[in-house]
Each structure stands twice: as C-alpha cells, then as structure tokens.
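A.B. asks: I'll drop the sequence and a predicted model, then ask my questions.
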Amino acid sequence: MGMTSSQRLQETMQHREPDRVPYSLPANMHPARDMGLTIKEYFSRPEYVVEGQLRLRKKFGNDMLCCYPFAGLEIMAWGGEAVYFDQGPPNAGAPVIKRPEDILALEPPSVEENPALRGVLEATASLKAAVGDDIPIAGVIVSPFSLPIMQMGFEAYLDLIYERPELLERLLRINGEYCVAWAKAQIKAGASAIVYSDPASSPTILPREIVLRHGLPTARSIIARIGGGVMIHLASGRGKDLVDDIAETGAVGMSASAEEDLGQLKAACRGKLTLVGNLNALAMRRWTPQQAEAEVKRAIAQAGPGGGFVLSDNHGEIPFLVEDEVLMAMVEAVERWGRYPLDWVVVDGA
Amino acid sequence: MSNLETITRQLVEALLRLDSPGVGALLDGLRPLAGGGPSLDDVVVPALERIGRDWEEGRVSLSQVYMAGRICERAVERLLSPDRPVRGDRPKLGIAVLEDHHALGKRMVKSALRAAGYQLQDYGHGRRPQELVEMALRDQVDVLLISCLMLASALRVSEVVAGLQKAGSPIAVVVGGAPFRLEAQLWKEVGARAVGRNSAEAVAIVRSLAEREPWA
C-alpha cells in the first residue's frame, strides 16, 4: 500500500524520497466550470469550494488541498472589494489606504467577524472533516510586507518604502497582527501548513537590501508567531539569491520561479528548504499533452532527486483557461516519471 | 569607452543609487535635443533601456526600474522648457491599464516615455475594452499602449484591437505586463502590433513605429 498524501509530503519535507514526487496543481477555479457556476458564484459559498476541492482531488489526485480562494480576498477583509472576471481570478479593487497618513488611523480587521474570511474558515473546517488527516490542507496568508501592494497600490507602496520608513514600519506592525491572527485561525480550522505569499520579498520586485531590511525580518517574526509549518511563496518572483536568508526565517519551503534554473535552485536549497514549483502557469494554456509531460519530466529530473520537492506551478494558481487535458497529462507524467527511485534521471542524464 | 558610454554608465549607476542630485548634475551638462554633442536623448533612453534589460535578466529589481524612470522623468522635465514641446505633435500616444487597478506598469512606461520627451494621454486604470476604443478614437491617438497584470485582462486586448479595426482605425496597439513577459506569443494572439518586455522598451517601440508609419 502506498503512502498517504500527508506521509508523502512529510517525507519529502524531511529531504528524503517518498514513494513518488508529491504534486499540487492549484487549478482552484476549474471546479466552477464542472459545477456549472461562474467563478463569482463558486467562491460565494463555502460548500461549493469544499465540493470543488474534493472534485480536484478525485480528478487530479492533488497531494494538497486548499480552500483559500484568491488574493483579492485580503482587500475585502480590509474594507475594499474584489473585482470579478469571467475567465480569471478576482482581483483587488481600489486601494483602501488612499494616502500614507491613513496608516496612522489604520487598525487590523477582526478575522472572526469578517464574513469573507469566515467563509474560508468554514470551508477549511468542512474539508478537514471530509478528508481527515490523510490529505493536508494548505492555509494561505499574504504577508504583511506584500499586503500593502493591494492596500495602497504598488506605486504608492514603493514611494512609502523609499520615502516614509516610519509609516512603513507602522504598517508592517499592523499587518503583522492581522496576518498572525489569520494564519492561526486557518490552522485552528484544519489547515496543516501555511503558504506565506510574499512576492514583495523577491529580488524581482525589490532590491535584496530592502528585502533583508524589511521583508525577511517580518517573515521571521510572523513565522515564529504562527507556530506551524510555513512555506514562503514568491508568486513567480526569483528567490535563488535569498535561499539562505529564507531558510533562516524558519520557513520549511519556498517557491521556485519559472524564470530560474530549477536545478541550480535545488542545489542551493538541498537539505534546507523544500522547493515548490516551477511549471510556467501562463504557458500551460498553450501546452500540448506532450509538452506538459516534457515539462513535468524536466522539473522532476532537476529537483526530484533526494526529495525536498513538490511539483507545482510557479505562481500558486493555474489559469482558468488551462485545459483539463493538459492537467491530466501532468498527472500521468508524474505517475510515469515521478516514482522513486528516479533511476531514469541518471540513465537519461535529463 | 566613448564619452557617451561613460556618461550613460555613470547615469545608470546614479539611478540605481537613487542619487537624484547626481542624475541632475549629469544631465545638466547635456543639450535638450539632437544637435552637436551628447543630448539628453542620447543618454537617458539608453540608460533606462540598460536598467530594463538588467531587470529582465534578474540583475536589478522592479522597484529600481520604477525609481530610475521616476528620477529621469523629473530631471528631464526640469531641464525642458514647459512651453516648448520636445517633440512634434506626432505620434500621439495614449496609455491605460486594461480592467485592473494595478497601475505601476503604466506609471513606469509613462515615466520612460516622458523622460524621452514624449507626451501621453493617460486613460487611467480599470478601463473596459470598449471604453479604451472610444477614448483612442476620440483623441485620434497614433499608438495606444496597454498595460495588463492578469492573463484574463491581457486576453481582452483582442477586443480593443477588434474594436479599432471595426472602426477602420490604424491605431497601433502596443502591450506590456507580466502575462506578456511570461507567455511569449500572447501579444501576437491578441493582435497587438508590438510588445514591450520592460518599460524602457516602449521608447524603442514608439520610435520604430514612428519610422514606419505615416505620422509626420
């Protein structure tokens, strides 16, 4: 009898080889199509999301489930709104911090009293009741350092970082209180681990010195307070130059960008951090099943040996327009090429 | 190394240090427009292009590209007389973010073009395809630059292109943003005339279009 998904993930996070490469294909909007719902309708009720996650597990065999709907949810928690699209994820609407001085009066929202967040907690608890301990459920928070991109708009946030350090520190503290409460509530509801979404801490977005001054110290502090397993997701951003610094935050894993050499990244992370990635989610829309297999094979060859690897996309979200046929080809490719030991990697030299 | 290359390298270094006074001092010694000796044009655009390429290749961050564009924009505007346009009336440029509210990309492209002496009509963010078609036709722009963050919005550029074609308009649609950078063929799929992989490329694209189009 094979391992459960929980055992498989635990093993790979210990940097040992499980029975096969674990994978997570976060096609979290796809169930809406199967269920005859719009994306907005699908995310409007916790029971739809639970049904959708169970369908994803049945169809694609994901080793990790997730009830977190979309990042724009965070702005709803702070009093803003999400903008829905027919063919893609809802996006954060207008900023809730209109000018930097608004930070002086800002207070973190209550997680328990917020309907949008409560819906996610209800869904997580229901899903946990349905799947028990065999299949882990990921909770998600957007980091205190990355939340302001949505709270005040990217341009205003960059101006704040460079020109108003005192207000930046205050905002990070306020956001930190919210993020810790939000993460703990998801763990209490049944999440096994937290994905700490922090694109602003990627050197793709901000210079290393700013990330080391603000982003990763914030992560270290929040991860210590969450008290559970945390993986840092840079949402497509590069992270290779920060591997050792990310490992020091207490995170157990990090994302791999599609713009980085996965083999080099794996070498840097070996024994320190589990890598999650790095299939190009945007390119998937054009892939044939054969290309999907080739990409899965490449990723497994570069990062699979020795464990410490979860196959996934680079961004944490597979576009709604990616066909099921392509996702199925990835699943079959993992079954074909992802069984340990990966003898073919040596044989092929792939 | 030529004098021009030296100044460009010094400008890049000053921009990455966020040294506004240093940038100002470098640019003060240049002439506003083409003629004898190095001009603003000869130095500012290559410097921003170099920083843009460095971002694509992971050597600098997006915020550095943004700050470099902003510093250049301010420095150039300080040096140019406000009552004398740097370039002629053409090409007329319009810029917008399609559908979403993430306007940083637009801001960066705008800074790069303004630093190169172009004026733009800013159509804002969160625009629907039909709105953009109407605005571009109303203002008779030559080039419509569209910035997108999400794949779903990027795909709707095709509706802008179709709307302009239906009206018989020759307006060139130029796109940029993360979906186009990570999905190399997307710009062709949506019918855009060109794609910019970083903000400074917008300048080269507009110049290139201006050489081929009957705008003068």
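C.D. replies: Thanks, I have it.

A.B. asks: quick check: residues of chain B near chain A?
C.D. replies: Proximity of chain B to chain A (Cβ under 8 Å from any Cβ of the partner chain) is limited to residues B:18, B:55, B:58, B:60-64, B:66-67, B:99-104, B:107, B:126, B:149-153, B:155, B:178-179, B:182-183, B:185-186. The way it works is simple: take the backbone N, C-alpha and C, and place the C-beta from them, glycine included.

A.B. asks: check the gap between B:Thr8 and chain A for me.
C.D. replies: 21 Å (Cβ to the nearest Cβ, to the nearest Å).

A.B. asks: what about that residue, neighbour count?
C.D. replies: 22 (other Cβ atoms under 10 Å in any protein chain shown).

A.B. asks: which residues of the chain score low on pLDDT?
C.D. replies: Because you didn't say which chain, this covers chain A. The model of chain A has pLDDT under 70 over residues A:1, A:347-350.

A.B. asks: try again with chain B
C.D. replies: In chain B (pLDDT under 70), the answer is B:1, B:31-38, B:80-88, B:214-216.

A.B. asks: excluding chain neighbours, what is closest to the residue in chain B that chain A sits nearest to?
C.D. replies: Chain B approaches chain A most closely through B:Ala152 (2.7 Å), counting by Cβ to the nearest Cβ. What sits nearest to B:Ala152 in space, not counting adjacent residues and going by Cβ to Cβ, 6 or more residues apart in numbering or on different chains, is A:Gly88, at 2.7 Å.

A.B. asks: host element of that neighbour?
C.D. replies: For A:Gly88, there is no helix or strand it lies in under DSSP states H and E.

A.B. asks: B:Gln157 touches B:Val174, doesn't it?
C.D. replies: Gln isn't right for residue B:157; it's Val. No: under the criterion of Cβ atoms under 8 Å, B:Val157 makes no contact with B:Val174, lying 10.0 Å away.

A.B. asks: overlap in contacts of the two?
C.D. replies: B:146, B:192 (Cβ atoms under 8 Å, 6 or more residues apart in numbering or on different chains).

A.B. asks: more neighbours, the two?
C.D. replies: Taking other Cβ under 10 Å, B:Val157 and B:Val174 do not tie; B:Val157 has more neighbours (28 against 24).

A.B. asks: residues in contact with the closest residue to that one other than its chain neighbours?
C.D. replies: Nearest residue to B:Val157, sequence neighbours excluded (Cβ to Cβ, 6+ apart): B:Val190, at 4.0 Å. Residues in contact with B:Val190 (Cβ under 8 Å, 6+ apart) are B:154-155, B:157-158, B:161, B:175.

A.B. asks: likewise for A:Ala125?
C.D. replies: With Cβ under 8 Å, 6+ apart, A:Ala125 has these contacts: A:189-190.

A.B. asks: likewise for B:Ser61?
C.D. replies: So B:Ser61 contacts A:203-207, B:55 (Cβ under 8 Å, 6+ apart).

A.B. asks: swap the cut-off to 10 Å and go again
C.D. replies: Listed by Cβ atoms under 10 Å, 6 or more residues apart in numbering or on different chains, the contact partners of B:Ser61 are A:200, A:202-211, A:237-238, B:16, B:54-55, B:67.

A.B. asks: among those, name the buried ones.
C.D. replies: A:200, A:202-208, A:210-211, A:237-238, B:16, B:54-55, B:67 (16 or more other Cβ atoms under 10 Å in any protein chain shown).

A.B. asks: now, those residues that are in helices?
C.D. replies: Mapping these onto helices (DSSP state H) picks out A:208, A:210, B:16, B:54-55, B:67.

A.B. asks: turn these into a markdown table, columns for distance to B:Pro170.
C.D. replies: A markdown table is the format used below for these (distance: Cβ to Cβ, whole Å):
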| residue | distance to B:Pro170 |
| --- | --- |
| A:Arg208 | 45 |
| A:Ile210 | 44 |
| B:Leu16 | 39 |
| B:Asp54 | 35 |
| B:Trp55 | 32 |
| B:Met67 | 36 |
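
A.B. asks: so who does the closest residue to chain B within the stretch 251-350 of chain A touch?
C.D. replies: Per Cβ to the nearest Cβ, A:Leu282 is where the stretch 251-350 of chain A lies closest to chain B, at 4.3 Å. A:Leu282 sits next to A:236, A:258, A:313-315, A:318-319, A:321-322, B:151, B:154, B:178-184, B:186 when contact means Cβ under 10 Å, 6+ apart.

A.B. asks: thinking again about what came up before, and the residue nearest to B:Ala152, what does it touch?
C.D. replies: A:Gly88 neighbours (Cβ under 10 Å, 6+ apart): A:29, A:39, A:70, A:317, A:319-321, B:99-100, B:150-156, B:179.

A.B. asks: which residue does chain A have closest to chain B?
C.D. replies: For chain A, Cβ to the nearest Cβ, closest residue to chain B: A:Gly88, 2.7 Å.

A.B. asks: and that residue, how far is that from A:Gly52?
C.D. replies: Distance, A:Gly88 to A:Gly52, using Cβ to Cβ, to the nearest Å: 16 Å.

A.B. asks: same thing with A:Gly237?
C.D. replies: From A:Gly237 to A:Gly52 the distance is 28 Å (Cβ to Cβ).

A.B. asks: now swap in A:Arg220 and tell me
C.D. replies: 34 Å.

A.B. asks: which one of those two is surrounded by more residues?
C.D. replies: Neighbour totals were compared for A:Arg220 and A:Gly52, and A:Gly52 leads with 27 against 16 (other Cβ under 10 Å).

A.B. asks: contact partners for B:Gln121?
C.D. replies: Taking Cβ under 10 Å, 6+ apart, one finds B:92-96, B:135-136, B:138-139, B:141, B:144 in contact with B:Gln121.

A.B. asks: okay, and which of the residues you listed map to helices?
C.D. replies: Going by DSSP H, the helices hold B:135-136, B:138-139 from the contacts of B:Gln121.

A.B. asks: most surrounded residue in those?
C.D. replies: B:Ala136 (26 neighbours).

A.B. asks: contacts only, for that one.
C.D. replies: B:92, B:94, B:96, B:121, B:123, B:142-144, B:146, B:160, B:163-164, B:167, B:169, B:171, B:173.

A.B. asks: quick one, which of those are buried?
C.D. replies: Buried among those (16+ other Cβ under 10 Å): B:92, B:94, B:96, B:123, B:142-144, B:146, B:160, B:163-164, B:169, B:171, B:173.

A.B. asks: domains of chain B?
C.D. replies: As given by automatic domain parsing, the domain ranges for chain B are B:3-79, B:93-212.

A.B. asks: for A:Thr288, which of those is the nearest?
C.D. replies: domain B:93-212 (13.9 Å; Cβ to Cβ).

A.B. asks: okay, how far is it across that closest one, tip to tip?
C.D. replies: Terminal residues of domain B:93-212 lie 16 Å apart, using Cα to Cα, to the nearest Å.

A.B. asks: repeat that for stretch A:337-344.
C.D. replies: Termini of stretch A:337-344 sit 8 Å apart (Cα to Cα).

A.B. asks: and the contacts of it?
C.D. replies: A:2, A:11-12, A:16-23, A:293-294, A:296-301, A:304-307, A:309, A:311, A:331, A:336, A:345, A:348, A:350.

A.B. asks: ChimeraX command for the buried members of those?
C.D. replies: Listed next is the ChimeraX selection for buried residues among the contacts of stretch A:337-344, using 16+ other Cβ under 10 Å:
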select /A:11,12,17,18,20,21,22,23,293,294,296,297,298,299,300,301,304,305,307,309,311,331,345
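
A.B. asks: so which of the contacts of stretch A:337-344 also contact chain B?
C.D. replies: When these are checked against chain B using Cβ under 10 Å from any Cβ of the partner chain, none falls in range.

A.B. asks: give me the subset of the contacts of stretch A:337-344 that lies in helices.
C.D. replies: Those of the contacts of stretch A:337-344 lying in helices (DSSP H): A:11-12, A:293-294, A:296-301, A:331, A:336, A:345, A:348.

A.B. asks: so who does B:Ala200 touch?
C.D. replies: B:44-53, B:55, B:65, B:68-69, B:72, B:108-109, B:111-113, B:115-116.
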